[in-house]
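**Student:** fold the following and give me the result.
(2 chains)
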2 protein chains.
Amino acid sequence: MSLLVQKYGGTSVASVDRIKQVAAKILAARRAGHDLVVVVSAMAGETNRLIALAQQISELPDEREKDVLLASGEQVSVALLALALKEAGQPARSFLGHQVRIATDNAYGKARILSIDSSKILQSLKAGEVVVIAGFQGVDEDDNITTLGRGGSDTSAVALAAFLSAQACEIYTDVEGVYTTDPGICPHARKLARISYDEMIELASTGAKVLEIRSVEFAKNFSVPVHVRSTFTDVEGTWLINEEEGMSDVLVSGVACDRNEAKITLLKVPDRPGLAAQIFGPIAEAHIVVDMIIQNVSEDGTTDLTFTVPKADHKKALAIVEKSARAVNAKGVKVDTEMAKISIVGVGMRTHAGVAAKMFEALAREGINIEMISTSEIKISVVIQAKYTELAVRVLHEAFIGNQGMV
Amino acid sequence: MSLLVQKYGGTSVASVDRIKQVAAKILAARRAGHDLVVVVSAMAGETNRLIALAQQISELPDEREKDVLLASGEQVSVALLALALKEAGQPARSFLGHQVRIATDNAYGKARILSIDSSKILQSLKAGEVVVIAGFQGVDEDDNITTLGRGGSDTSAVALAAFLSAQACEIYTDVEGVYTTDPGICPHARKLARISYDEMIELASTGAKVLEIRSVEFAKNFSVPVHVRSTFTDVEGTWLINEEEGMSDVLVSGVACDRNEAKITLLKVPDRPGLAAQIFGPIAEAHIVVDMIIQNVSEDGTTDLTFTVPKADHKKALAIVEKSARAVNAKGVKVDTEMAKISIVGVGMRTHAGVAAKMFEALAREGINIEMISTSEIKISVVIQAKYTELAVRVLHEAFIGNQGMV
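**Tutor:** Next up is the predicted model:
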């Protein structure tokens, strides 16, 4: 028998009827001869309901207790799914994070999985049961309940697939797979049959919301084949796999856009060693993640320093930067929330020159000004004015992917 | 410092506002110099909501998974109460059944507490924290989640008080204590200042709903002083204690009524050895609890056999009994759901004669016919027609307790 790990998200278990549909999908996989470990999220809306309760009590709820609260959501769904399976005649058993010891560090709200004790899972599989495991949660070494952060159930599923050496990890979601770009923006967007882990990591970090980035890193580190597919159809989705021959023939696999960043600029800062540390130290201490940073020294010995932060954090960041700006004698601080980051991603870039030039030309032809540029080995991101987002995505999709493609 | 265990029921934590009120009560007890272990139930309505979800999936939900589901209710309330305490500046820490190892047997839905590991609780108290523990739940030796049944949080609280050798266990509820009878029925009902465990056990088993009977048995076995009082006032409630001098001067401490039983009669059964076993064996196998049993042999060698069962089970019981009735050649089966059981309870009965006679006379004066009688050392119960319930309660309260009393 082959072992599959399946993960069903919040919309897939949003109601009793949906849970029964998920049970039917699981039964079909059993009939096809698979052993099954199933990871589920909280019912859609439940996590937000619980967070709202906590925030009625405290604006910034204690992290440990918030995790105890949130973990109850997955507890409800595993019990209901196990009940639905048993009702359909399929032996099943639910497990919570502490019961199979999904051991994590103690970073409440964003814990990392360290190990999983597979003994109870294997025992249950051997007894012919479908194993239903609460996603998103674990326990630290002192038995405190931890959660893995938003999208953490993806990570739970991939980690289980890794520790159990499963044949594959199937991520069931409300879209049919990973697309070359957002189909809502570009009518030519196409589903990818396969994509490398590295490309998916770049896409996830540049705004494609199909998978949580940590789960992809986990999959890469343990070479877990991940199949992203729809709960509501039976068609094949997208396989996440190691880079393989032929993949780098394709220059660009996907075009992503992200409107959730804000740009902050310090104007005319006297350039001297230690400047960046003085600016970014306090921002890091406030746990604000800085994405792109650009610094350009001009001939008068001052520099404009520009960087991006999550839009949700821009007010907090601004308050910190305004203080630093005075300390370093900057001429002023500018903030821009009406911006977008557009990225093209593809392992083919490693071996092909001229990709960046082609990208800039395509945007220039439409009169779209590029405000910032950042590149990695397999990704090029540009920051542009937000109003050009859709146009830029369509232009780049046409230039690099076109109407025919890799599917 | 003295250690108090406090228990707050579902209505006391029914909303965020109520939870904040509970936190204020806890702070007051801290200021009075007490160390505190607080046990909470699920928010009112939550357990019923979860049961409804399960029943949409399965008419008779699997017991193990139902316990996983229901235990999530208390998980939400402990987290919210700990958050409220911290928000008010009081260090606090929540624990679930598995975290402090409230070890139970594996009788899902009605598990019994075997032991409690106090080490984490003591460590937390030593750190100055209020310890908030999920009531109603535990784990069996294999780490499966178990629940203790309705009212189980009372048992959790009393068991914690016993294992921690607490000074007292305070049960906060929506009434001010234990009354001589239901104040809704009898205007002269008065709050008892104290009552013996044995009396409380009889009252609980005869329909007084203040405390779950198992919790009282636990309190008795470990001599835990229990203080039943209101969440919404600061007045003293009722103390449950060991029988002490002076208590038996009072003939009757309370009058209870129970309308949740049905009476089943087998008519003219040929009397022979083994008859009762043949009738009650199959009923016990169906897990139906039989309360009172009366058998009277008449001169023709047949007997009428009458017994009572919970009203909710009477249809199931009837189906079983009708089968047995044919097997033993009974003339027929009669069922009566319009009946009530009225009980008087008091440790004074042990040493005073004539209590039963006085009870029967009081009822006879009002023309109330007694259909069944059952007695224990400190209790007399009679079954009467349901329409006389209120009248019988008032008459017996007047006869034994009157307008002046023991408070």
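**Student:** from the stretch 101-250 of chain A, which residue is nearest to chain B?
**Tutor:** residue A:143 (5.3 Å; C-beta to the nearest C-beta). Backbone N, C-alpha and C define where each C-beta goes, glycine included.
**Student:** pLDDT at that residue, what is it?
**Tutor:** The per-residue pLDDT reported for residue A:143 equals 95.
**Student:** can you pull the contacts of whatever residue of the stretch 301-407 of chain A ends up closest to chain B?
**Tutor:** Distances between the stretch 301-407 of chain A and chain B by C-beta to the nearest C-beta are smallest at residue A:316, namely 21.1 Å. Residues near residue A:316 by C-beta atoms under 8 Å, 6 or more residues apart in numbering or on different chains: A:286, A:288.
**Student:** equivalent analysis for residue A:284, please.
**Tutor:** The contact partners of residue A:284, by C-beta under 8 Å, 6+ apart, come to residue A:290.
**Student:** still on that earlier bit, SS state for the residue of the stretch 301-407 of chain A closest to chain B?
**Tutor:** Assigned with DSSP: H, G, I helix; E, B strand; the rest coil, residue A:316 falls in the helix class.
**Student:** now do the contacts for the residue most central in space within chain A.
**Tutor:** Geometric centre of chain A, nearest residue: residue A:212, 2.3 Å, by C-alpha atoms, centre = their mean. Contact analysis of residue A:212 by C-beta under 8 Å, 6+ apart lists A:149, A:150, A:151, A:152, A:154, A:155, A:204.
**Student:** got it, and residue A:174?
**Tutor:** A:9, A:11, A:12, A:230, A:231, A:232.
**Student:** and the residues you listed, which of them are in strands?
**Tutor:** Among these, DSSP state E puts residue A:230 in strands.
**Student:** I'd like the contacts of residue A:174 laid out as CSV, including distance to residue B:217 and neighbour count.
**Tutor:** Output for those, formatted as CSV (distance: C-beta to C-beta, whole Å; neighbours: other C-beta atoms under 10 Å in any protein chain shown):
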residue, distance to residue B:217, neighbour count
A:9, 46, 22
A:11, 47, 17
A:12, 45, 23
A:230, 55, 16
A:231, 49, 19
A:232, 53, 15
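**Student:** tell me which other helices or strands the helix or strand encompassing residue A:54 touches.
**Tutor:** Assessed by DSSP states H and E, residue A:54 sits inside helix A:46-57. In terms of contacts (3 or more C-beta pairs under 8 Å, 6 or more residues apart in numbering or on different chains; DSSP states H and E), helix A:46-57 is packed against helix A:63-87, helix B:16-31, helix B:63-87.
**Student:** for residue B:46, which of these is the nearest?
**Tutor:** Nearest of those to residue B:46, taken as C-beta to C-beta: helix B:63-87 at 4.3 Å.
**Student:** what residues sit buried inside that closest one?
**Tutor:** B:64-87 (16 or more other C-beta atoms under 10 Å in any protein chain shown).
**Student:** what pairs with the following helix or strand past that helix, parallel or antiparallel?
**Tutor:** Sequence-wise, the next helix or strand downstream of helix B:63-87 (DSSP H and E) is strand B:92-95. Sheet pairing here is set by DSSP bridges, and for strand B:92-95 it gives strand B:130-134 (parallel).
**Student:** what lies in contact with the strand it pairs with?
**Tutor:** Here strand B:130-134 has contacts from B:26, B:30, B:36-40, B:71, B:74-75, B:77-78, B:81-82, B:85, B:90-97, B:100, B:102, B:121, B:124-125, B:156, B:160, using C-beta under 8 Å, 6+ apart.
**Student:** how about 6 Å then?
**Tutor:** B:26, B:36-39, B:74-75, B:78, B:81-82, B:85, B:90, B:92, B:94-97, B:121, B:124 (C-beta atoms under 6 Å, 6 or more residues apart in numbering or on different chains).
**Student:** what is the helix or strand that it is followed by packed up against?
**Tutor:** Counting by DSSP H and E, the next helix or strand C-terminal to strand B:130-134 is strand B:137-139. Under the contact criterion of 3 or more C-beta pairs under 6 Å, 6 or more residues apart in numbering or on different chains; DSSP states H and E, strand B:137-139 touches strand B:145-147.
**Student:** ok, the strand it packs on near chain A or not?
**Tutor:** No. Using C-beta under 6 Å from any C-beta of the partner chain, strand B:145-147 never reaches chain A; the gap is at least 7.6 Å.
**Student:** quick one: contacts of that strand?
**Tutor:** With contacts defined as C-beta under 6 Å, 6+ apart, strand B:145-147 is touched by B:67, B:68, B:70, B:71, B:104, B:108, B:111, B:136, B:137, B:138, B:139, B:140.
**Student:** for the second one, give its distance to chain A.
**Tutor:** Residue B:68 sits 4 Å away from chain A when distances are taken as C-beta to the nearest C-beta, to the nearest Å.
**Student:** that residue contacts residue A:94, correct?
**Tutor:** Yes. Contact criterion C-beta atoms under 6 Å: residue B:68 and residue A:94 qualify, at 5.4 Å.
**Student:** joint contacts of these two?
**Tutor:** residue A:79.
**Student:** pLDDT below threshold where in chain A?
**Tutor:** Within chain A, the segments meeting pLDDT under 70 span A:1, A:207-208, A:403-407.
**Student:** for it, what lies in contact range of chain B?
**Tutor:** Neighbours of chain B within chain A, by C-beta under 6 Å from any C-beta: A:16, A:54, A:56-58, A:61-62, A:65, A:68-69, A:72, A:75-76, A:79, A:82-84, A:86-87, A:94, A:98-99, A:143.
**Student:** can you show me the strands along the stretch 201-350 of chain A?
**Tutor:** Assigned by DSSP state E, counting those that start in this stretch, the strands in the stretch 201-350 of chain A fall at A:226-230, A:238-241, A:254-258, A:261-270, A:293-297, A:302-310, A:332-336, A:339-345.
**Student:** that concludes my questions; thank you for your assistance.
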